[in-house]
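> return a 3D structure for these sequence lines:
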Amino acid sequence: MSDAVDYAGLGPAQVLAALDAVGLRGDGRLLQLNSYENRVFQVFLDDGRVVVAKFYRPGRWSDAQILEEHGFALELAAEEVPVVPPLALAAATDDVALRGDPPTLAHASGHRFAVAARCAGREPPPDAAGTLRRIGRFIGRLHAVGRRRAFTHRLHMDPPRDAAQARDRVLDGGFVGAGELPAWRAAADAAVAAIADSFARTPPRATLRLHGDCHAGNILWRPDDGDGAPHVVDLDDAVQGPAVQDLWMLLSGEAHAMAAQLDELLRGYEDFADFDDRERALVEPLRTLRMLRHAAWLAGRWADPTFPVNFPFFGSPAYWSQHTAQLSEQLQLMGA
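Modelled structure (predicted):
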């Protein structure tokens, strides 16, 4: 059985056996949570606790990369930045191997997994007074810790390289139909060149350890402080990159609206960390990079049977026509 098939078929029996191996005995109740990259389960334990177990996709991250993410989460938690760090694990059977200091990554039942306490919450209230400023303060605190040292094993963002790799993955897989290929390739080539030009003109003066995928859906709003406060429960996409990467995905609307939103985020952010204002020019290049990488992500995961079920539109003529139009709009916004 291949890793992909085995991973796709990960079910309750394997999950409960793996948790048993680290002394976390489930009472039989578990719920699979929404996650495409990993398999994530909420598990009720015999002792009354509720935990979240994350089973890592084979081949996506090395042990060293996962442990570096865990170390960052533990460092943030030690500084009282509201994140949910992985739990330290202890072997309860002979067929489990633990990694990390403290041990937070387990190899058992043919899978790698980590466990964290359950942390409930909701998306941030978009229109509540002060929401963006509070989120900005939270990201500023996270970045103040992230600036202390660089990641050694996690990915380092290189947008010109990353954009070219994303384009090539789509092309090499033959996912674009013949009718849509010329227009999509022209738009993708122009987008790759425009991203490279943007970063050549405005290279970030510094990079730091980031959340990496900081959009509203990845921030939990919890009633811990008055009207609520932002938390994050996962750093699975943690990366080394420019500060603006953790800010731009929180912006939406027309250019003037996004500029005002970024101003509000920075009012909170700069209470804890400095921001290089030149990075404002990188918002649209980073948005364009994300569009290319999303298509490449779907292409790279298409062999996983959950992806055709959840993304049936991928690869259709309509999908590539729309993607071409979106890239063309981004080229205008980047002045290319």
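> show the backbone phi and psi for Ala92.
Torsion angles at Ala92 (phi, psi; degrees, to the nearest 10) stand at phi -110, psi -10.
> hmm, it is touching Ala18, no?
No: between Ala92 and Ala18 there is no contact under C-beta atoms under 8 Å: 10.9 Å. The way it works is simple: take the backbone N, C-alpha and C, and place the C-beta from them, glycine included.
> of these two, who's got more company?
Ala18 (27 against 14; other C-beta atoms under 10 Å).
> what about that one, which helix or strand?
In this structure, Ala18 sits in helix 12-21 according to DSSP states H and E.
> what's the answer for Gln165, then?
Following DSSP H and E, one finds Gln165 within helix 159-172.
> any idea how far the helix or strand following that helix is from the chain center?
For helix 159-172, the following helix or strand on the C-terminal side (DSSP H and E) is helix 181-201. A distance of 24 Å separates the centroid of the chain from that of helix 181-201, by C-alpha atoms, centre = their mean, to the nearest Å.
> buried residues of helix 181-201, list them for me.
With burial defined by 16 or more other C-beta atoms under 10 Å, the residues of helix 181-201 counted as buried are Ala183, Trp184, Ala187, Ala188, Ala190, Ala191, Val192, Ala194, Ile195, Ala196, Ser198, Phe199.
> do stretch 22-31 as well
In stretch 22-31, counting by 16+ other C-beta under 10 Å, buried: Val22, Leu24, Gly26, Leu30.
> from what I can see the third one touches Phe44, true?
Read that as Gly26. Yes: using C-beta under 8 Å, Gly26 makes contact with Phe44 at a distance of 6.4 Å.
> show me this structure divided up by domain.
3-117, 131-333 (automatic domain parsing).
> and those domains: which comes nearest Glu123?
Distance to Glu123, taken as C-beta to C-beta, is lowest for domain 131-333 among the domains of the chain, at 5.4 Å.
> kindly check the end-to-end length of the closest one for me.
End-to-end distance for domain 131-333: 27 Å, by C-alpha to C-alpha, to the nearest Å.
> average pLDDT across that domain?
For domain 131-333, mean pLDDT is 95.
> that domain: how far from the chain's middle?
9 Å.
> give me the three-state assignment for the residue nearest to Pro242 when sequence neighbours are not counted.
Nearest-residue entry for Pro242: Pro204, 3.8 Å, with adjacent residues in sequence omitted and distances by C-beta to C-beta, 6 or more residues apart in numbering. Following DSSP: H, G, I helix; E, B strand; the rest coil, the label given to Pro204 is coil.
> where exactly do the strands run in this protein?
26-33, 39-45, 50-55, 96-99, 105-108, 111-117, 208-210, 220-222, 229-231, 239-241 (DSSP state E).
> quick check: mean pLDDT of the third one?
Mean per-residue pLDDT for strand 50-55: 97.
> would TSV of the domains of the chain with distance to Pro124 be doable?
Shown next, in TSV, are the domains of the chain (distance: least, C-beta to C-beta, whole Å):
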stretch	distance to Pro124
domain 3-117	13
domain 131-333	5
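> how many residues are close by Pro203?
Neighbours of Pro203 (other C-beta under 10 Å): 10.
> pLDDT score assigned to the closest residue to Ala17 other than its chain neighbours?
Among residues not flanking Ala17 along the chain, Ser109 sits closest, at 5.0 Å (C-beta to C-beta, 6+ apart). According to the prediction, Ser109 has pLDDT 79.
> in contact with Ser109, which residues?
For Ser109, the contact set (C-beta atoms under 8 Å, 6 or more residues apart in numbering) comprises Gln14, Ala17, Ala18, Ala21, Asp95.
> could you dump these into a markdown table and include distance to Ser316 and pLDDT?
Converted to a markdown table, those look like this (distance: C-beta to C-beta, whole Å; pLDDT from 0 to 100):
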| residue | distance to Ser316 | pLDDT |
| --- | --- | --- |
| Gln14 | 34 | 92 |
| Ala17 | 40 | 93 |
| Ala18 | 38 | 94 |
| Ala21 | 43 | 95 |
| Asp95 | 45 | 89 |
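> quick check on the residues you listed: which are buried?
Buried, going by 16+ other C-beta under 10 Å: Gln14, Ala17, Ala18, Ala21, out of the contacts of Ser109.
> nearest to His323 among those?
Of the buried ones among the contacts of Ser109, the one sitting nearest to His323 (C-beta to C-beta) turns out to be Gln14, at 36.7 Å.
> just checking, the closest one touches His111?
Yes: the criterion here is C-beta under 8 Å, and Gln14 meets it with His111 at 7.0 Å.
> circling back: contact partners of the helix holding Ala18?
25-26, 28, 30, 41, 43, 51, 53, 55, 91-93, 95-96, 106, 108-111, 113, 115.
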